[in-house]
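Colleague: fold the following for me, if possible:
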Amino acid sequence: MAKIRVLVIDDSALIRQMLTEILSGRDDIEVVGTAADPFIAREKIKQLSPDVLTLDIEMPKMTGLQFLQNLMRLRPMPVIMVSTLTDRGAPETLEALELGAVDYICKPKAKTETKLRIFADDLVDKVRMASTARVRPFEHHKAAPTDVHKNSSFQRVIAVGSSTGGTEAIKELLTNVSANCPPILITQHIPKVFSTSFADRLNRSLAMEVFEAQEGMIIRPGCVYIAPGDFHLTIAKSGTKMVCHIIQTEKINRHRPAVDVMFESILQAYGSKVVAVMLTGMGADGAGGMLKLKQAGAITYAQDEATSVVWGMPQAAFNMGAVDEVLPLQNIPAKMLNAALKK
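Modeller: Just a heads-up that it's a prediction; the model follows:
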């Protein structure tokens with residue numbers, strides 16, 4: 001089997017060496033070259049034809065975002081952003097995903113053996129995943145029109161799970177949804193410092209109100225609730241209302257927030273009155289919870305392989321028999337809103 005060919009792009013010689021040692025230590029990965037700036041990288045891409053790039057955001061001569069934008073216009077290929085994970089850097093990383101980067105990983109702050117091993121394992125997983133990802137030039141996809149009457153009385157809440165490729169899939173899913181929508185609850189695998197920026201970006205661009213879910217927040221129509229990074233989002237009844245509960249119990253399926261935790265909580269709170277949607281993502285988180293929802297009478301949809309960056313989570317749900325219908329991303333909004341009208 002051919003090895004995954006990686007080009008490492010970073011202005012720090014130390015980081016280039018660290019990434020090279022980590023990736024070269026795996027039998028199925030080969031670092032074919034390194035580059036200290038985007039201009040060197042551009043020439044090495046032509047010479048070496050790598051399968052995957054790792055790319056820093058802050059670099060001399062041209063930023064990683066400028067380079068990424070040019071790359072995705074001229075020669076789209078899988079890119080993993082490797083950058084300092086800070087509140088300040090969150091908007092830039094989310095912009096990189098918008099431009100077409102497949103995924104991101106933060107440079108380890110602490111140099112403990114455990115932290116470095118976790119970073120190394122995560123990096124290798126992401127490179128392997130990126131080598132199989134579907135990468136397309138940056139463009140805005142026009143969603144199918146949502147033919148739901150504005151005065152509709154929705155009977156069900158909508159619950160969405162996603163991971164790799166999910167930040168942009170969620171934005172596309174909700175772009176043509178009107179402000180008059182049922183409550184929408186979302187768990188996206190995302191680090192703590194990114195979830196606030198992610199919710200803010202969606203709130204600025206979408207018709208409905210978008211919140212990073214907080215403890216005790218009342219669930220209302222016309223609102224979207226995003227699970228905060230490093231916390232599970234659960235739902236509970238409080239008097240006559242449903243409210244968000246934010247918990248920091250152990251990771252499930254290696255994730256916190258986890259889709260399974262949200263799906264199972266929503267099942268307890270709403271029973272069958274749910275439309276569950278599984279979007280692009282690596283792994284199998286949420287498949288078990290979606291199956292329980294379907295068995296209880298919920299309506300379930302999964303994004304198809306052709307429009308997913310990584311068809312891991314939707315495929316796992318489909319293989320488990322948890323999905324009523326597999327659909328292209330652009331067809332899901334109208335389907336889920338019409339399904340939410342059903343008693």
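
Colleague: how about the strands in the stretch 51-200 of the chain?
Modeller: 52-55, 79-83, 103-106, 157-162, 184-188 (DSSP state E, counting those that start in this stretch).

Colleague: got JSON lines for these, with mean neighbour count too?
Modeller: Every residue, glycine included, has its C-beta placed from N, CA and C. JSON lines is the format used below for the strands of the stretch 51-200 of the chain (neighbours: other CB atoms under 10 Å):
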{"stretch": "strand 52-55", "mean neighbour count": "25"}
{"stretch": "strand 79-83", "mean neighbour count": "24"}
{"stretch": "strand 103-106", "mean neighbour count": "22"}
{"stretch": "strand 157-162", "mean neighbour count": "28"}
{"stretch": "strand 184-188", "mean neighbour count": "28"}
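
Colleague: closest one to V259 among those strands?
Modeller: strand 157-162 (3.3 Å; CB to CB).

Colleague: partners of that closest one in the sheet?
Modeller: strand 184-188 (parallel), strand 274-278 (parallel) (DSSP bridges).

Colleague: okay, the last one in CSV with CA atoms only?
Modeller: Backbone C-alpha positions of strand 274-278 (Å, rounded to 0.1, in the frame of the first residue of the first chain) are rendered in CSV as follows:
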residue,chain,number,x,y,z
VAL,A,274,-37.4,14.8,17.5
VAL,A,275,-35.9,15.1,14.0
ALA,A,276,-32.3,13.9,14.3
VAL,A,277,-29.7,14.8,11.7
MET,A,278,-26.2,13.4,11.3
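
Colleague: what's the following helix or strand after it?
Modeller: helix 287-296 (DSSP states H and E).

Colleague: could you export that next one as PDB, CA atoms only?
Modeller: What follows is helix 287-296, C-alpha atoms only, in PDB (Å, rounded to 0.1, in the frame of the first residue of the first chain):
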ATOM      1  CA  ALA A 287     -24.800   6.400  15.900                       C
ATOM      2  CA  GLY A 288     -26.000   4.600  19.000                       C
ATOM      3  CA  GLY A 289     -28.000   7.500  20.200                       C
ATOM      4  CA  MET A 290     -29.600   8.100  16.800                       C
ATOM      5  CA  LEU A 291     -30.700   4.400  16.700                       C
ATOM      6  CA  LYS A 292     -32.400   4.800  20.100                       C
ATOM      7  CA  LEU A 293     -34.200   7.900  18.800                       C
ATOM      8  CA  LYS A 294     -35.300   6.100  15.600                       C
ATOM      9  CA  GLN A 295     -36.600   3.100  17.600                       C
ATOM     10  CA  ALA A 296     -38.600   5.600  19.800                       C
END
